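**Student:** Sharing a model that was predicted from the sequence below.
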Amino acid sequence: MKVIAERRAKAEEMKARGENPFANDFKVSHLAEDLSALFAEHSLEDLEAAIAEGSAPRFAIAGRLMAKRSFGKVAFGSLRDRSGDVQLSFFRPELDTDIWTAMKKADLGDIVGCEGVMMRTKAGELSLKVDLFRVLTKSLRPLPDKWHGLTDTATRYRQRYVDLIVTPEARDTFKMRSKVLRYLRQFFDKRDYMEVETPMLQPQYGGAAAKPFETHHNALDMKLFMRIAPELNLKRLVVGGFHRVYEINRCFRNEGISTRHNPEFTSLEFYEAFATYEDLMRLTEELISGLAEHLHGTSTLPWGDHELNLSAPFRRLSVRDGLAQYAGVPTESFYDREVLMEAAKRLKIGKAESMPLGYLQMAVFEEACEADLIQPTFVTDFPLDVSPLSRRKESEPTLVDRFELYVGGQEIANAFSELNDPDDQRGRFEAQVEARDSGDDEAHPMDEDFIRALEYAMPPTAGEGIGIDRLVMLLTNNTSIRDVLFFPLLRPEH
RNA sequence: GGGCUAUUAGCUCAAUCGGUAGAGCACCGGACUCUUAAUCCGUUGGUUGAAGGUUCGAGUCCUUCAUGGCCCA
């Protein structure tokens, strides 16, 4: 490519002049935002006077050259470092010829180092009046169009480094993601939770209904799974006496890829002894509305064509009522297989005949309700069949003390009062094993050690998992999970 | 997995009925002492995603493949 060849030639010219096009000897004194903060109140005249009497402080900044506008004897540039942008100004009559030439030769995208004093332009803009200028790192490839940026999604994801340079929204999203994680840690730390880490490589997987990735440990010649959830290990820690724990980390599920699924994703799971799922609803409301306030100063956020109201309290909707309101299944027919089958047929749900009742109830619920649950909604009272780790509802033992939080038409959180009766747990696992044997490859496998742990007594506990990627999507108004992951999984390029 | 759709210069996009692939930005050269998408003048830049096919002639039509996007399951 011609442009690359030209830039390589410039790098060679630098070498010929004894300059290193990949130098690492420039000392930075300040960031762009330091300069705008320090001089926010200084007038053009003040700054000119300081320069004239030689009392103006000198600054050394470095970053990527993002724009260049040159005239006969004056030029302006824009330098971006990790804090933001600052304008550079060059005045030919006052500069060494070499410095002016170096500036003229510099390409957009080069990493440059500048020294000088602060001034204001006639338009009033703060500007570093440069007297020393070097290309520190030569950029060999041209940046995308400075106005249109990168629009091709494949390129944006595959070459995220370029996307981050030219797409401010992408930068903002990832800054926001980082803030979310920090907020979550502070939120739980304040409540005396302990952050823990549990294995991602496991001889036995569990804690969710999903297909795992498998791998192999050579030394032990043993099959290992990538975890699909940290749940069982976190509950082992509760048994061990760590009564408030949370883990923020990656989970892996060997499933399809879509705008809301990536094979690896980040989950927050937290467990609190002596709490119930109802306590967690209040905690979740506080967490999410607090997060919105913290990030945006409001709990009303745009989401596609909608506006989300994330202020507490959130709506509560039992699965039973949801089926009645959205799927035309009267509350008294909640357990009526025929009525549910009619609804399933209407909603074109495949393989409904072979589903156990709880699965059928949830399949109909998800198909009929999910997309309409835009405003935050706690869906409660799940069927026992689909909840092998949840505590039975005392008033209605075919249901469990569980909720899922839906926002923006997608599941954000899943929580329940934990099942801590080891015998009931064994029965649930056995039912899951049976389901697996009859073809459900997402059924939960038996975990003898987990039952043994429960036999030592796990205090009454409530636990919750929150999908961090989806949460960030909501908080940044991104409708694709790929926009909140630095490097989403894609097919190989060639 | 199925349907629809897209892929053209480094980037953003044009190209009428199938008839010589073009513009803006970037780049290169020139003018210019306050710009901020600077402006003006002049150049350069193409295996039209890949492979086949139809045709005198294919960016355009057909087939297959690759990679995205949207919708459905």
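**Tutor:** Received it, and whenever you're ready, just let me know what you need. Residues are numbered from 1 along each chain as shown, chains lettered A, B, ... in the order given.

**Student:** Show the contacting residues for A:Gln325.
**Tutor:** Applying Cβ atoms under 8 Å, 6 or more residues apart in numbering, we find A:Gln325 in contact with A:317, A:369. Heads up, the C-betas are built off the backbone N, CA and C, glycines and all.

**Student:** measure it to RNA strand B for me?
**Tutor:** A:Gln325 sits 20 Å away from RNA strand B, going by Cβ to the nearest atom of the strand, to the nearest Å.

**Student:** swap in A:Gly241?
**Tutor:** For A:Gly241, the distance to RNA strand B - Cβ to the nearest atom of the strand - is 44 Å.

**Student:** just A:Pro21 next, same as before
**Tutor:** 14 Å.

**Student:** Likewise for A:Thr331?
**Tutor:** 25 Å.

**Student:** and if you look at A:Asp98?
**Tutor:** Counting by Cβ to the nearest atom of the strand, the gap from A:Asp98 to RNA strand B is 16 Å.

**Student:** That residue: neighbouring residues, count only.
**Tutor:** Neighbourhood size, A:Asp98 [other Cβ atoms under 10 Å]: 10.

**Student:** what about it, which helix or strand?
**Tutor:** If you go by DSSP states H and E, A:Asp98 is part of helix A:97-105.

**Student:** which element follows that helix toward the C-terminus?
**Tutor:** Following helix A:97-105 in sequence, per DSSP H and E, is strand A:111-120.

**Student:** For burial, what's the neighbour tally of the residue nearest to A:Gly124 when sequence neighbours are not counted?
**Tutor:** Counting by Cβ to Cβ, 6 or more residues apart in numbering, A:Gly124 lies nearest to A:Leu44, which is 6.7 Å off, once chain neighbours are set aside. Neighbour count of A:Leu44, defined by other Cβ under 10 Å: 15.

**Student:** Hmm, A:Glu125 and A:Leu44 touching each other?
**Tutor:** No - using Cβ atoms under 8 Å, A:Leu44 is not in contact with A:Glu125, being 9.8 Å away.

**Student:** returning to what we had before: ok, the residue nearest to A:Gly124 - contacts?
**Tutor:** Counted by Cβ under 8 Å, 6+ apart, A:Leu44 has contacts A:119-120, A:122, A:124.

**Student:** now those: which count as buried?
**Tutor:** A:119-120 (16 or more other Cβ atoms under 10 Å).

**Student:** Can you dump the C-alpha atoms of stretch A:378-385 in PDB for me?
**Tutor:** Output of stretch A:378-385 as PDB, limited to C-alpha atoms (Å, rounded to 0.1, in the frame of the first residue of the first chain):
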ATOM      1  CA  PHE A 378     -38.700  -8.800  39.300                       C
ATOM      2  CA  VAL A 379     -40.200 -12.000  37.900                       C
ATOM      3  CA  THR A 380     -40.900 -14.200  41.000                       C
ATOM      4  CA  ASP A 381     -42.200 -17.600  42.000                       C
ATOM      5  CA  PHE A 382     -40.400 -19.900  39.600                       C
ATOM      6  CA  PRO A 383     -41.400 -23.500  39.100                       C
ATOM      7  CA  LEU A 384     -39.300 -26.000  41.100                       C
ATOM      8  CA  ASP A 385     -38.300 -28.100  38.100                       C
END
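
**Student:** hmm, back to that, for the helix holding A:Asp98, give me every contacting residue.
**Tutor:** With Cβ under 8 Å, 6+ apart as the criterion, helix A:97-105 contacts A:10, A:13, A:68, A:70, A:75, A:77, A:90, A:92, A:130-135.
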